[in-house]
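# Okay, predicted coordinates and the sequence, questions at the end:
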Amino acid sequence: MLNRTQSAISMQIKRLEERSGTILFHRTRALVDLTPAGEGLLGYARRILVLNGEAISKIRECRIEGVVRLGVMENYASWVIPPLLSSFVNSYPHINVEVDAGLTSSMQDRLGDSLDLLIALHPEGQGDGEFLRQEKPTWAASASYAVDDFQPLPVALYPQGCLFRKWGIDALDGVRRNWRLAFVSQNHAAVASIAAQGLAVTIMMEGYAPYYNLRPLSEKDGMPKLPVADIRLHRSLNLSQASALLADHLAASLRQPS
């Protein structure tokens, strides 16, 4: 099995016994069997071989090269993805990641063409791809902003095609709230800045308002309730090894505990 002669194996065993200072085999004319010390060493030897295989595999993985093109929502690109990429690049320094941030609804058709991976927003319980977590959108405004029920509500939103824009308009119309579109931009930071100046209210994922000096608004502030969004990971067919590694890393990092 080892492609060694019997004498060569015997010499290796003898050297191992000399190095360990103990007898590893009981030897008789009819039988060669392990001593208790030999049985103990055998368990360690098997673990050492497994660890050696893991080490070689990991070293080879670190040499993987390639470019991965990732599409993602803008706030995720700013706050969520960078620390995850930092830990990934530490393990795979030869993989380059190109991040395309914006409205993910317009990126679906690019998967497999100009995008390898896509982290996208979907209505709760809808959409294909791998479910990662849920995000709750919330209305947000500057700390000093006071909702005036007697005036059209100024809102700062994103272009048509944005799920949050649709939900916000549907929610306002659903409660017959008078509103006006005060500002539109595809840039998440620009929309948030308008709201931070007290010029309008906007919609963003719950928990991100403090990053933009905004406060969340609720039904107590007279704002209608918004639906919950699913975050899903989409992988193109025939992923490269580099893309598959990043996909698995993002999925493991972002997936909500069950």
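Nice, thanks for sending it over.

# in this structure, which spans are strands?
Here the chain has its strands, by DSSP state E, at 25-27, 32-34, 66-72, 95-101, 117-123, 130-135, 137-142, 153-157, 179-184, 202-205, 214-217, 229-235.

# Ala8 versus the nearest residue to Ser114 once chain neighbours are set aside, what's the distance?
Spatial nearest neighbour of Ser114, excluding adjacent residues (C-beta to C-beta, 6 or more residues apart in numbering): Arg69 at 6.4 Å. The C-beta positions use only the backbone N, C-alpha and C, and glycine is treated the same way. In this structure, Arg69 and Ala8 are 53 Å apart, going by C-beta to C-beta, to the nearest Å.

# More neighbours: which of those two?
Remark: of Arg69 and Ala8, Arg69 carries more neighbours, 19 against 11, as counted by other C-beta atoms under 10 Å.

# partners of the residue nearest to Ser114 in the sheet?
Glu98 (DSSP bridges).

# any idea how far it is from Ser142?
36 Å.

# and what of Leu34?
On the measure of C-beta to C-beta, Leu34 and Ser142 end up 76 Å apart.

# who's more crowded, these two?
Counted by other C-beta under 10 Å, Leu34 and Ser142 do not tie: Ser142 has more neighbours, with 18 against 14.

# mind listing what the more buried one touches?
Residues in contact with Ser142 (C-beta atoms under 8 Å, 6 or more residues apart in numbering) are Ala195, Ala196, Gln197, Gly198, Asn213, Leu214, Arg215.

# What is the distance between stretch 177-184 and the centre of its chain?
34 Å (C-alpha atoms, centre = their mean, to the nearest Å).

# What average pLDDT does that stretch get?
The pLDDT scores in stretch 177-184 average 94.

# so how far is Asp221 from the closest residue to Gly222 other than its chain neighbours?
Spatial nearest neighbour of Gly222, chain neighbours left out: Val147 (5.1 Å); criterion: C-beta to C-beta, 6+ apart. Val147 sits 5 Å away from Asp221, taking C-beta to C-beta as the criterion.
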